[in-house]
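Asker: Got a predicted structure plus its sequence, pasted below:
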Amino acid sequence: MIEQLMDEIEIEPERYELTAGPAYHFELGEMRRRDFFRVLGGGLLIVLALKDAPAQQESGGGGRRGGSPRPVEIGAWLHIAEDGTVTAYTGKAEVGQNIRTSLTQSVAEELRAPVSTIKVVMGDTELTPYDMGTFGSRTTPDMFPQLRKAAAAARETMLDLAAEGLKVERDSLLAADGKVTHPATRRSLSYGELSKGQKIMKAISAASLSPSGEWKVAGKPLRKINGRDIVTGRHHYTPDVKLPGMLHGKVLRPSAFGATLASIDSKEAEKLPGVVVARDGDFVGVVAPNEETVARAVTAIRAEWKATPQVSAKELFEHLRKTPNLPANAPTNPSTGLPTNPPTGLAESLAAAHQKLERTYTIAYIAHAPLEPRAAVAEWKDGKLTVWTGTQRPFGVREELAGAFRIPETSVRVIVPDTGSGYGGKHSGEAAIEAARLAKAAGKAVKLVWTREEEFTWAYFRPAGVIDVTSGVNKDGVITAWDFHNYNSGNAGLRPVYAIQNQRCEFHRSDSPLRQGSYRALASTANHFAREVHIDELAASLKMDPLEFRLKNLKDDRLRAALEAAAKAFGWGKSKPAADHGFGIAGGFEKGGYIANCAEVSVDRASGKVKIVRVVTAFECGAIVNPDGLKNQVEGSVIQGIGGALFEAIDFADGKILNPRFSRYRVPRFSDTPELETVLLDRKDLPSAGAGECPIVALAPAVGAAIFDATGVRLRSLPMVPGGLHS
């Protein structure tokens with residue numbers, strides 16, 4: 001019996017990069033049902049499949065340009081080899097979130113096999129089942145149970161084989177430690193012995209899963225599976241990949257966004273030894289034997305570009321407000337196509353409120369700034385294209401490559417080495433396409449690595465936004481009206497979980513002057529900042545404690561538990577902050593997780609410097625798979641969130657990025673890291689949710705509230721203090 005793996009996921013509108021047009025318009029004119037045992041060798045193969053693949057994919061961009069059908073078998077594959085090695089296959093990618101470790105735990109838990117015998121193959125379009133991508137905090141809720149099911153099915157098959165081999169009743173056998181034992185006679189057979197000589201391939205059938213309360217491997221700390229390789233340099237990232245005879249490539253970038261090529265003179269570049277210049281429309285690239293020569297060659301090209309006037313950072317928020325389309329999620333009148341009237345009672349509630357508050361909040365563009373910039377190695381061989389690249393969507397990039405070169409997807413293989421972070425910024429395949437185009441021109445394998453300036457300029461950014469909030473509140477602290485409008489950022493986390501009877505929350509698409517797309521937590525960070533700061537402002541207007549005010553308007557038990565746990569650990573209400581210090585609190589939710597932050601800040605009134613002194617975080621995402629890994633995710637989110645909260649912002653004018661390097665774009669440093677305390681709420685009665693996104697959403701409003709507590713200054717723009725409090 002083939003089982004459905006996951007519910008259909010709605011594409012969130014702020015994933016702009018998934019619906020954008022192709023990166024390049026070139027003029028250039030799979031193993032669907034593989035012989036698995038030829039590829040893998042004998043043994044047992046378990047296939048966990050999804051019936052309706054097209055309905056489940058979130059790759060965006062419409063149809064399959066390559067023309068090949070989607071593979072029928074989708075989800076998770078698990079193979080037990082004749083030597084006892086267990087290999088799990090998943091299309092998910094490891095981009096620093098340590099999911100390789102927790103997925104290994106899922107297999108070890110249900111298969112009853114030692115962790116040391118398990119290998120997880122990830123993100124290889126020729127070896128792994130199709131997967132829509134690694135984003136949306138979906139790996140844990142989707143792939144963790146999928147691999148558990150596959151491993152449980154394999155365990156049951158091992159028991160069947162052992163019962164037959166040992167000639168005993170199946171119920172008298174015990175699977176543990178990579179073998180099946182008959183306790184009464186103390187005879188046992190290892191999984192390798194049971195697999196030897198077998199060629200069994202079966203689709204998954206019903207299998208008994210271990211309740212989370214009985215987990216022996218899952219739910220426990222486990223060191224990073226390939227941690228030693230990472231810290232010793234043995235692991236090869238994409239920039240480390242080397243192929244025989246490989247050349248190096250570089251792209252000539254336009255003078256500004258949207259600029260078109262007017263003329264080009266590449267004679268001087270072509271005089272350099274071993275240089276090949278490739279031009280295809282507005283695309284101009286260079287290939288050379290080494291990195292030094294390719295850099296010289298690009299510099300030697302004389303090009304003229306035709307650019308058009310563009311919006312600058314100073315005009316950004318006015319521009320976004322002036323160029324909205326219809327709200328992406330607003331109900332419309334079929335006869336007019338216009339939004340319906342506000343919810344009944346909203347205007348009346350605002351008019352009757354004891355206090356009405358209108359505020360505007362703004363969010364700047366910020367960069368993903370991954371440690372590993374975009375990179376790719378491409379090789380054309382025997383009519384097939386193979387690309388090694390760091391991406392969160394290997395199958396999506398395969399589709400992009402097939403479309404760019406007008407070849408079937410069966411002729412493209414994308415391999416994703418464990419990658420140096422993505423944060424939502426590596427969904428598209430520009431570097432892969434560039435490397436492949438240059439490899440085609442050179443007739444040899446080509447490596448292309450973006451510079452830091454290219455990464456800051458030509459990658460997409462977290463969307464900027466303007467958020468207008470109008471609210472009404474009664475004397476007793478009950479919020480009676482809520483009118484919330486987000487321009488451009490997106491609708492993730494748009495609707496509050498606070499119990500507000502009369503509310504309207506709308507997202508309005510705008511004309512973005514910069515390329516924009518997914519970033520950790522999507523627009524939930526922007527929407528939580530506006531909402532939680534506004535909630536804090538309402539509490540202050542009534543002179544109510546911010547925690548008390550939130551709890552008064554909250555019926556969601558999970559967010560309430562997170563707020564109360566963070567407040568208890570912080571000591572909220574038990575002491576007052578020291579001079580020039582302030583306390584703040586905020587809560588949030590996203591992708592099945594619930595977060596609360598309590599923050600303490602200090603402010604140097606002379607210099608305006610703001611320092612986050614302490615952050616206490618309470619986080620709940622259902623049953624915990626790996627507490628150490630989860631804590632790392634939470635604290636990593638908090639540290640990353642410091643940048644967007646205090647100082648990260650992209651500056652631009654005339655179609656150019658003005659701060660495209662770390663010397664001018666400030667990210668959190670060791671000196672910015674506060675004292676961190678993390679409380680993990682383990683809900684074994686709930687399914688495990690992802691933790692890659694939610695923990696970042698509440699930090700900025702908590703810090704903003706603490707700054708207000710320390711200074712009486714209310715900050716409503718992200719970043720809040722790019723040049724200090726006086727800026």
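Answerer: Nice, thanks for sending it over. Numbering: from 1, shown residues only.
Asker: could you say which helix or strand contains the nearest residue to residue 726 once chain neighbours are set aside?
Answerer: Computed as Cβ to Cβ, 6 or more residues apart in numbering, the closest residue to residue 726 that is not its neighbour in sequence is residue 608, at 3.8 Å. Any C-beta I mention is one placed from the backbone N, CA and C, and that applies to glycine too. Residue 608 is part of no helix or strand when elements are defined by DSSP states H and E.
Asker: quick one: low-confidence parts of the stretch 501-650 of the chain?
Answerer: Counting by pLDDT under 70, not a single residue of the stretch 501-650 of the chain qualifies.
Asker: quick one: the strands in the stretch 401-550 of the chain?
Answerer: Shown for the stretch 401-550 of the chain, the strands assigned by DSSP state E, counting those that start in this stretch span residues 412-415, 446-449, 465-473, 479-487, 502-510.
Asker: so how far is the fourth one from its chain's centroid?
Answerer: In this case it means strand 479-487. 28 Å (Cα atoms, centre = their mean, to the nearest Å).
Asker: Need the pLDDT of residue 45.
Answerer: In this model, residue 45 is scored at 88, pLDDT.
Asker: how many neighbours does it have?
Answerer: Neighbour count of residue 45, defined by other Cβ atoms under 10 Å: 23.
Asker: Also residue 389?
Answerer: Based on other Cβ under 10 Å, the number of other residues close to residue 389 is 29.
Asker: Return the residues in contact with the closest residue to residue 369 other than its chain neighbours.
Answerer: In this structure, residue 369 finds its nearest non-sequential neighbour in residue 667, 5.6 Å apart by Cβ to Cβ, 6+ apart. Contact analysis of residue 667 by Cβ atoms under 8 Å, 6 or more residues apart in numbering lists 369, 643, 648.
Asker: Check residue 216 too.
Answerer: Contact analysis of residue 216 by Cβ under 8 Å, 6+ apart lists 109, 210.
Asker: ok, it to residue 662 distance?
Answerer: Shown here: residue 216 relative to residue 662, a distance of 44 Å by Cβ to Cβ, to the nearest Å.
Asker: Most remote residue from the middle of the protein, which is it?
Answerer: For the chain, the residue at maximal distance from the C-alpha centroid (Cα atoms, centre = their mean) is residue 185, at 51.0 Å.
Asker: Next, give phi and psi for it.
Answerer: Backbone torsions of residue 185, given as degrees, to the nearest 10, read phi -110, psi 0.
Asker: likewise residue 131?
Answerer: According to degrees, to the nearest 10, residue 131 has phi -150, psi 140.
Asker: okay, it: pLDDT?
Answerer: 91.
Asker: wait, it sits on residue 392?
Answerer: No. Taking contacts as Cβ atoms under 8 Å, residue 131 lies outside contact range of residue 392: 10.2 Å.
Asker: Show me where the protein dips below the pLDDT cut-off.
Answerer: Looking at the chain by pLDDT under 70, you get 1-11, 25, 27-39, 49-75, 205-206, 326-342, 727.
Asker: my guess is residue 170 contacts residue 158, does it?
Answerer: No. Contact criterion Cβ under 8 Å: residue 170 and residue 158 do not qualify, at 10.8 Å.
Asker: quick one, which of these two is more surrounded?
Answerer: Each of residue 170 and residue 158 has its neighbours counted (other Cβ under 10 Å); residue 158 has more, 25 against 13.
Asker: what's around the closest residue to residue 345 other than its chain neighbours, how many residues?
Answerer: Spatial nearest neighbour of residue 345, excluding adjacent residues (Cβ to Cβ, 6+ apart): residue 502 at 4.6 Å. With neighbours defined by other Cβ under 10 Å, the count for residue 502 comes to 20.
Asker: Any figure for the gap between residue 502 and residue 348?
Answerer: Distance from residue 502 to residue 348, by Cβ to Cβ: 8 Å.
Asker: With residue 296 as the reference, measure out to residue 661.
Answerer: In terms of Cβ to Cβ, residue 661 sits 21 Å off from residue 296.
Asker: coming back round to it: going by neighbour count, which of the contacts of residue 667 comes out on top?
Answerer: Going by other Cβ under 10 Å, residue 648 tops the contacts of residue 667 with 23 neighbours.
Asker: Pretty sure that residue sits against residue 719.
Answerer: Yes. When contacts are counted by Cβ under 8 Å, residue 648 is listed as touching residue 719 (5.7 Å).
Asker: what do these two both touch?
Answerer: Counting by Cβ under 8 Å, 6+ apart, the residues touching both residue 648 and residue 719 are residue 364.
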